[in-house]
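# kindly generate the corresponding structure for this input.
(one chain, ligands or ions: 2)
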Amino acid sequence: MTSLLIDDIGELTTNDESLGEGIGGRLRDAAVVIDGSRIAWVGSATDAPAADERVDAGGRALLPGWVDSHTHMVFAGDRTAEFEARMAGEAYAAGGINVTVSATRAASDEELDGNLARLVAEARRGGTTTIETKTGYGLTVEDEVRSAVVAGRRADAVTFLGAHVVPAGQDPDAYLDLVTGPMLDAVAPHVSAVDVFCETGAFDEAASARVLEAAARHGLATRVHGNQLGHGPGAQLAVAHGSLSVDHLGFLSDGDIAALAGSWDEWRRGAGVAGTVATVLPACDLSTRMPLAPARRLLDAEAVLAIASNCNPGTSYTSSMAFCVATAVLQMGLTIQEAVRAATLGGATALGMQDDGWTDPRGEAQPAVGAIRPGARADLQLLDAPSVTHLAYRPGMPLTAAVWRAGERVV
Ligand SMILES: N=CN[C@@H](CCC(=O)O)C(=O)O
Ligand SMILES: [Zn+2]
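Ligands and ions are numbered 1, 2, ... in the order given. Below you'll find the predicted structure:
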């Protein structure tokens, strides 16, 4: 195994308060040693051990690679016309999903894989090293299985979203029986979690609960798309079912926020499992002209926050986590350190990958992602800037200078 020393790091964000200061566990004038696919050493540049190879960071900022915990990258087709209509004043509605469903069903596996490869490459160039992606544009047993298989070749985590919408022309009860029965049976071996779009125009509370219960019977983790288009039961349903995350959250009551924050009470006392991560999707809020999720209120209530891109052709056709972070700072009231943490360690927590030893779908123990500390997967991004502050101070600028994933230089 080859070791690599990255030194002369002007600002290192570790996300580990035992290694550095403040929310990001920041160190100045730091160095990192990678051994194979993992971080081997973190500390002051003056104390750094020797390694086989060396990269001089030139005083720039190094931080964990982005952990994008919510995308829908397995699809075909394009929804430019729908976007144009929205920018001319039309409201977003869940029904647009069926346009992508038709295009996805008509595409070959090779086309789906080629599109996914292009999107993953874009995300890597923007500093993303961990990607979750969902099925949900197939909505037949065959098309959901092939979506999951295509996703599993390139994504770090695959989620089954058969409960995205009821496909055009199908009976809602019969479709729910299919999703929670034969479709889930067929897709389960290829995914680590199940998601449901709990929203007017998609699945109501009772139907969503059935999806989450079916997932639990298969031993799969759950997520919920909730509170996107209006107030609704999604956030509290996710908490009640012990979901890993509930995502969107543009419309939250005080009770919803208290439930999300309260889901972490036992975990904070050192007992019980992790709670439900509140995942906000700033690019989607902007692209649908919906209210920005109340990320500030969530953090003030001590909820655990993630920021994700929600890259998909309908509501958020970007994988730029830097754009999401800048928006969270400039428009949602987060500090830069809070936003960077939510887009790295927060995403890792939403995927259950924040601690060493999480098990992948093959049952193999894996190193943590979302932090730069000894033992973690060596997922790093070097910015062409002296500080992460530049992500919001210079919004829209391509600041990603280099990216390592599992110790391998990928950008
Ligand atoms: N809200 C549900 N699903 C996607 C949108 C998918 C689409 O419109 O194609 C989302 O997360 O925004
Ligand atoms: Zn989504």
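# where's the spatially most central residue of the chain relative to ligand 1, distance?
In the chain, the centroid-proximal residue (C-alpha atoms, centre = their mean) is Ser69; its distance is 1.3 Å. Distance from Ser69 to ligand 1, counting by C-beta to the nearest ligand atom, to the nearest Å: 12 Å. Quick note: C-beta positions are derived from backbone N, CA and C, even for glycine.
# now do Thr71
To ligand 1, Thr71 is 9 Å away according to C-beta to the nearest ligand atom.
# I figured Ser245 was touching Val239, is that so?
No: taking contacts as C-beta atoms under 8 Å, Ser245 lies outside contact range of Val239: 10.6 Å.
# neighbour-wise, which of those two wins?
A direct count of neighbours by other C-beta atoms under 10 Å for Ser245 and Val239 places Ser245 higher, at 32 against 21.
# and Leu112, that's in a helix?
Yes: the assignment for Leu112 is a helix, going by DSSP: H, G, I helix; E, B strand; the rest coil.
# before we move on, the earlier item: pretty sure the residue nearest to the centre of the chain is touching Thr279, no?
Yes: contact status for Ser69 versus Thr279: in contact at 6.2 Å, counting by C-beta under 8 Å.
# shared neighbours of these two, anything?
Contact criterion C-beta atoms under 8 Å, 6 or more residues apart in numbering; residues shared by Ser69 and Thr279: 245, 306, 308, 346-347, 350.
# dump those residues into JSON lines; add pLDDT, secondary structure and distance to ligand 1 as well.
Putting the shared contacts of Ser69 and Thr279 into JSON lines (pLDDT from 0 to 100; DSSP: H, G, I helix; E, B strand; the rest coil; distance: C-beta to the nearest ligand atom, whole Å) gives the following:
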{"residue": "Ser245", "pLDDT": "98", "secondary structure": "strand", "distance to ligand 1": "12"}
{"residue": "Ala306", "pLDDT": "99", "secondary structure": "strand", "distance to ligand 1": "14"}
{"residue": "Ala308", "pLDDT": "99", "secondary structure": "coil", "distance to ligand 1": "10"}
{"residue": "Gly346", "pLDDT": "98", "secondary structure": "helix", "distance to ligand 1": "17"}
{"residue": "Gly347", "pLDDT": "98", "secondary structure": "helix", "distance to ligand 1": "15"}
{"residue": "Ala350", "pLDDT": "98", "secondary structure": "helix", "distance to ligand 1": "14"}
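# what about the strands in the stretch 301-411 of the chain?
305-307, 358-359, 365-366, 380-383, 400-405, 408-409 (DSSP state E, counting those that start in this stretch).
# find residues that contact each of Ser245 and Val239.
Residues within reach of Ser245 and of Val239 at once, by C-beta under 8 Å, 6+ apart, are Thr276.
# need the residues of the protein near ligand 1, please.
With the criterion set to C-beta under 6 Å from any ligand atom, the chain comes near ligand 1 through 72, 96-97, 100, 197, 225, 228, 284, 310, 312-315.
# these into TSV, with extra columns for neighbour count and pLDDT?
Output for the residues of the chain next to ligand 1, formatted as TSV (neighbours: other C-beta atoms under 10 Å; pLDDT from 0 to 100):
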residue	neighbour count	pLDDT
His72	28	98
Gly96	18	87
Ile97	26	94
Thr100	22	97
Phe197	24	98
His225	31	98
Gln228	27	97
Cys284	27	98
Asn310	30	98
Asn312	27	98
Pro313	24	98
Gly314	22	97
Thr315	26	97
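# list just the nearest of those residues to ligand 1.
If you rank the residues of the chain next to ligand 1 by distance to ligand 1 using C-beta to the nearest ligand atom, Gly314 comes first, at 2.4 Å.
# so who does Val196 touch?
By C-beta under 8 Å, 6+ apart, the neighbours of Val196 are 161, 163, 203, 207-208, 211-212, 222, 224-225.
# got a PyMOL select line for the buried ones in those?
With 16 or more other C-beta atoms under 10 Å as the criterion, this PyMOL line picks the buried residues out of the contacts of Val196:
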select buried, resi 161+163+203+207+208+211+212+222+224+225
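# Asp109 contacts Arg146, correct?
Yes: counting by C-beta under 8 Å, Asp109 touches Arg146, with 5.9 Å between them.
# those two: which is more packed in?
Counted by other C-beta under 10 Å, Asp109 and Arg146 do not tie: Arg146 has more neighbours, with 23 against 11.
# give me the distance between Val42 and ligand 1.
35 Å.
# my read: that residue touches Ser18, true?
No: look at Val42 against Ser18 with C-beta under 8 Å: they stay out of range, at 10.3 Å.
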